[in-house]
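Asks: Pasting the sequence and the predicted model now:
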Amino acid sequence: VVLRDRLSSKKRVPLPPGPPADPFIGHLRLVPSEGQDVFFYKLGKQYGDVVQLRVLGRSLIILNSVQAANDLLDKRSANYSDRPDLPIYELMGEGDMLGFVKYGDEFRAQRRMINGYFSQDKVKNHRPVQIREARILAYGLLQTPEKRSDVLSRFSTAIIVDVGYGHQIVSTNDPYVKIAGDVGRVMSESGPPGATLVDAFPILRYFPSWFPGTYYANYARNSQGVVRRLKEFPFNQVKEQIAQGTAKPSFLQAQLETMNQTGQRDETLAKRIQATAAVLYQGGADTTSAVLDFFFLAMLLYPQYQAKAHEEIDAVVGQERLPELHDRNSLPYLECLIYETLRWYQPAPTGGPHKSMEDDIYNGMLIPKGSILIPNIRGMTWDDNVYQDPFNFDPTRFMPAPMGRGEPYPPAFGFGRRVCPGRHLAIESLWLSVATIMATMTIHRTVDRDGKEVIPDVLPVTTGITSHPRPFQAILKPRTPNSFTLLKHAVESG
Ligand code: HEM
């Protein structure tokens, strides 16, 4: 009786508001193929911070405020930490990797493994690698500014490959660079159409990749080799190095050593180690380099903030040495510059999709069991209840009054039990790279044939769930002759 009463009372609870739908396909025709983050943001403006869409019988709940995302995904995380079925990623061989794993024991085991190596406390051990790579990055940018995008990718790949697998990248022929390139291509390219679902509903091919069955199935099948190599190559390399006594400390080495010590050599554990090591690359490489590219874009569009960062670094660090992490607390403006970059544009603007496990009621609205919840980070960072003049890039917004307005840092790393486990590593990588770049170079706009400054396009490209700036050129110059010498010396002395 109690259950019947609860169910019948739920029937009276309205669903969250949303736009009018078509019969059967629901809101399918409304959702655009590109720029879903901006579309969801606009829906939020019209219908409120919790909006419901129905697509082919599935309930999509769009969350456009930090408050709603925290209330549901964090405070009620026991119900909202599952992921939707993503058959295409499963087909690719990624179904057992943390970003896609369902809520349950395997999820907990993988998070524990990753947290054990990347918690706030543990990431301190990885600083020497990050410092070295930040300096190689700045040196590389000054030497080949026209290859900025490649140099940024190399930076984020090198950190993951060293911290994750104990391998230092020294040349572009490196097998890890090849694997990284292949994985990046697979994640961003779409393949030939032909999947049953896509054939049945051709419009599905324009859907973002988190929507079940929408990614090209053939392409996914053809990509299995790339994903397998990402899992097996580092694993086999480190296993061999351990056997030969040459393994360097790394995430993989630590997991394999623990497995050897406990004598627990079962296949499930070996597969789990492979999957967690692979997901580090997948979660950490393109995201970090995309943020840095957004940073360069912001510096070209808003040169006044670059000048302020230079001033702060000169006052604290001077020009005779390079910044170190112990300078971090003395450089509040630089901190704000990094968080404003993360607020302004994000590499994952629609966040990670969460799935609800039971019916729930929130603010008088029914969130049906099995809904896919999209924490639309774009909408949250453009929320004018939280951020004044949200489209404007303004690092001082986070500063306490009277310098700023004390606005909160953006939720760029997601929510609840699914919050990004690489966030501490990511923030330190970003801090070291931005601090080293600001200490050693100035960033300028290029000029066209008529001598007019080129202002790059601010609108990013978003494919699937990741976003990065459109290609643009920047002129990078050493701040002083000593900047270049300092970097050269740091890089050459290792
Ligand atoms: C600036 C860089 C980064 C950004 C903006 C970012 C952002 C995110 C976001 C938004 C999510 C989804 C969270 C959710 O579902 O609520 C996520 C998940 C994840 N990230 Fe990151 N991330 C970054 C760097 C990294 C790094 C460096 C690593 C690894 C070392 C990493 C590993 C992961 C993993 C494994 C997940 C899946 C977690 C799960 O499903 O439980 N990320 N990240």
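Replies: Cool, got the structure.

Asks: give me the low-pLDDT residue ranges for the stretch 101-250 of the chain?
Replies: For the stretch 101-250 of the chain, applying pLDDT under 70 flags the ranges 187-219, 221.

Asks: Return the residues in contact with the closest residue to Tyr362 other than its chain neighbours.
Replies: In space, Tyr362 comes closest to Leu72 once its chain neighbours are excluded; the distance is 6.1 Å by Cβ to Cβ, 6 or more residues apart in numbering. In this view, the C-beta of every residue, glycine as well, is placed from N, C-alpha and C. By Cβ atoms under 8 Å, 6 or more residues apart in numbering, the contact set of Leu72 is 63, 80, 360, 362, 367, 373.

Asks: Pull up the gap between the second one and the ligand, please.
Replies: What it means is Tyr80. Tyr80 sits 10 Å away from the ligand, taking Cβ to the nearest ligand atom, to the nearest Å as the criterion.

Asks: Get me the contact residues on this structure for the ligand.
Replies: 98-99, 111, 118, 279-280, 283-284, 287-288, 291, 346-348, 351-352, 375, 412-415, 418-422, 425-426 (Cβ under 6 Å from any ligand atom).

Asks: Weed out the non-buried ones from those residues.
Replies: With neighbours counted by 16 or more other Cβ atoms under 10 Å, the residues of the chain next to the ligand contain buried members at 98-99, 111, 118, 279-280, 283-284, 287-288, 291, 346-348, 351-352, 375, 412-415, 418, 420-422, 425-426.

Asks: What about those, which are in helices?
Replies: In this view, those that belong to helices under DSSP state H are 111, 118, 279-280, 283-284, 287-288, 291, 425-426.

Asks: what's the most distant pair in those?
Replies: Within those, Arg111 and Val291 form the most distant pair, 22.9 Å apart (Cβ to Cβ).

Asks: count of residues packed around Leu43?
Replies: Neighbours of Leu43 under the rule other Cβ atoms under 10 Å: 23.

Asks: what residues does the helix or strand hosting it touch?
Replies: Secondary structure from DSSP states H and E places Leu43 in helix 36-47. Contact partners of helix 36-47, identified using Cβ under 8 Å, 6+ apart, comprise 16-19, 30-32, 51, 53, 62, 64-65, 208, 349-350, 374, 376-379, 382, 462, 467.

Asks: ditto for stretch 154-165
Replies: 126, 129-130, 133-134, 136-137, 140, 167-169, 172, 176-177, 180, 234, 237-238, 250-252, 277, 280-281, 284-289, 292, 425, 429, 433.

Asks: and the helix or strand harbouring Thr268, which residues are buried?
Replies: Assessed by DSSP H and E, Thr268 sits inside helix 267-301. Neighbour counts over helix 267-301 (16+ other Cβ under 10 Å) mark 269-270, 272-300 as buried.

Asks: next one: stretch 388-395
Replies: Applying 16+ other Cβ under 10 Å to stretch 388-395 flags 390, 393-395 as buried.

Asks: swap in stretch 433-448?
Replies: Neighbour-count burial for stretch 433-448 [16+ other Cβ under 10 Å]: 433-445.
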